[in-house]
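**Student:** got a sequence here, can you model it:
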Amino acid sequence: MSRAVEERTRSTATNLDVLVDVTQIDAPQELSGAFAGLSSRSIPAVVFMQDPLFFNERRQIANLGLSNRIATMVANGLMVRDGCLISYGPNFPAQFRRTASFVDKILKGHSPAEIPIEEPARLELVLNLKTAEALGLEIPAALLAQADEVIE
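**Tutor:** Below is the predicted model of the structure:
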């Protein structure tokens, strides 16, 4: 996690009276121990930042979350489809499709430096009710109504 993201996360957590404990994970082999440590400290939920390592290990993360009874929030809806509890973030497949228009502009002679940087137009909320049920969590109806996708 970048220093700026960590600082904003800690600031928001302080305002909400929530404890933040950052754990650095650099290899898939470290996930099991990280979850065991969270479980031993009775930490009920974990937030995974967007990272190729976490995306590649999404099934392991989902399984470790379930076996340790820890709710998993991630930045990518595809990870929720593979068993994590909830995500709130950009629709990555849509962003990848959008990339084609940038390639097209560059191939037609536009300078990459002149193409404006775009942020996602909207974020999507994806919930996995199977995972919530397995964790004994009840998702409020208001949150379900706001979800872009609910996996049953």
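
**Student:** so what's residue 80 closest to, chain neighbours aside?
**Tutor:** Ranked by C-beta to C-beta, 6 or more residues apart in numbering and with sequence neighbours excluded, the top spatial neighbour of residue 80 is residue 126, at 4.4 Å. (Glycine included, C-beta is placed from N, CA and C.)

**Student:** next one: the one you found from residue 69, what distance?
**Tutor:** Look at residue 126 and residue 69: by C-beta to C-beta, to the nearest Å, they are 21 Å apart.

**Student:** give me the residues contacting the longest helix seen in the chain.
**Tutor:** If you go by DSSP state H, the chain has its longest helix at helix 92-107. Helix 92-107 is contacted by residues 76, 77, 78, 112, 115, 118, 120 when judged by C-beta atoms under 8 Å, 6 or more residues apart in numbering.

**Student:** contact partners of the helix or strand just after that helix?
**Tutor:** Using DSSP states H and E, the helix or strand that directly follows helix 92-107 along the chain is strand 124-128. Outside of strand 124-128, the residues within contact range by C-beta under 8 Å, 6+ apart are 77, 80-81, 83-91, 139, 143-144, 146-151.

**Student:** can you do 7 Å?
**Tutor:** Identification of contacts with strand 124-128 by C-beta atoms under 7 Å, 6 or more residues apart in numbering yields 77, 80, 83-88, 91, 139, 144, 146-151.
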